[in-house]
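A.B. asks: no sequence on this one, just coordinates:
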């Protein structure tokens, strides 16, 4: 799995999910990937389902064990915020807007009135002109084959891409679809807000010959 994709994404749960939620998600994913549902499907579907089964099993081995899960959370930079569940490491967040005021207070020996005056004087200058739009950064397209649709959607959004999809099954069962193909290919260079088109497969509601 790419660095952007976590075992939480594979099971379709949040980082702060309870153990029972993770267990239920694992059972649900396993049921949706049972061989009987994939039997007779085109080879790309069979390959994606096999990939998904391996990923789901690996995710369960990590997240289903509290000690392994705790070590994994530390490895990927998850930290618990007071009363707010989990968040990624601080390098992914902007500066707290109050940090600037606190820093100003420290620089003037904690004199709150002078800090407030300095801030008010700065605000009196009026809004600064908006900075020029930065050029769109290039990024690497993640490999989302073998993910289920909602997990794919979360990963693609996090990557800064726009998700489009084509449905491969005309009369699908009402279950979450599996990603079996994508364009551009994994590892391709793209720009933020470029489109990533995925092919989504569902087990058919009615099988031929039955």
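C.D. replies: Yes, it's here. This is a predicted model, so every value here is computed, not measured. Numbering: from 1, shown residues only.
A.B. asks: make it CA atoms for all contacts and neighbour counts henceforth
C.D. replies: Will do.
A.B. asks: would you list every one of the helices in the chain?
C.D. replies: Ranges of helices in the chain, per DSSP state H, are 7-11, 19-32, 35-38, 43-63, 66-75, 99-107, 112-124, 149-159.
A.B. asks: JSON lines for those helices, including mean pLDDT, distance to residue 199 and mean neighbour count?
C.D. replies: As requested, these are exported to JSON lines (pLDDT from 0 to 100; distance: least, CA to CA, whole Å; neighbours: other CA atoms under 10 Å):
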{"stretch": "helix 7-11", "mean pLDDT": "95", "distance to residue 199": "17", "mean neighbour count": "24"}
{"stretch": "helix 19-32", "mean pLDDT": "95", "distance to residue 199": "17", "mean neighbour count": "16"}
{"stretch": "helix 35-38", "mean pLDDT": "90", "distance to residue 199": "16", "mean neighbour count": "15"}
{"stretch": "helix 43-63", "mean pLDDT": "95", "distance to residue 199": "10", "mean neighbour count": "19"}
{"stretch": "helix 66-75", "mean pLDDT": "94", "distance to residue 199": "30", "mean neighbour count": "13"}
{"stretch": "helix 99-107", "mean pLDDT": "38", "distance to residue 199": "45", "mean neighbour count": "14"}
{"stretch": "helix 112-124", "mean pLDDT": "44", "distance to residue 199": "51", "mean neighbour count": "13"}
{"stretch": "helix 149-159", "mean pLDDT": "92", "distance to residue 199": "10", "mean neighbour count": "18"}
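A.B. asks: Distance to residue 200 added to those, as JSON lines?
C.D. replies: Listed next are these as JSON lines, based on distance: least, CA to CA, whole Å:
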{"stretch": "helix 7-11", "distance to residue 200": "16"}
{"stretch": "helix 19-32", "distance to residue 200": "14"}
{"stretch": "helix 35-38", "distance to residue 200": "13"}
{"stretch": "helix 43-63", "distance to residue 200": "9"}
{"stretch": "helix 66-75", "distance to residue 200": "29"}
{"stretch": "helix 99-107", "distance to residue 200": "45"}
{"stretch": "helix 112-124", "distance to residue 200": "51"}
{"stretch": "helix 149-159", "distance to residue 200": "7"}
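A.B. asks: Any idea which of those helices gets closest to residue 175?
C.D. replies: Smallest distance to residue 175 across the helices of the chain (CA to CA): 7.9 Å, for helix 19-32.
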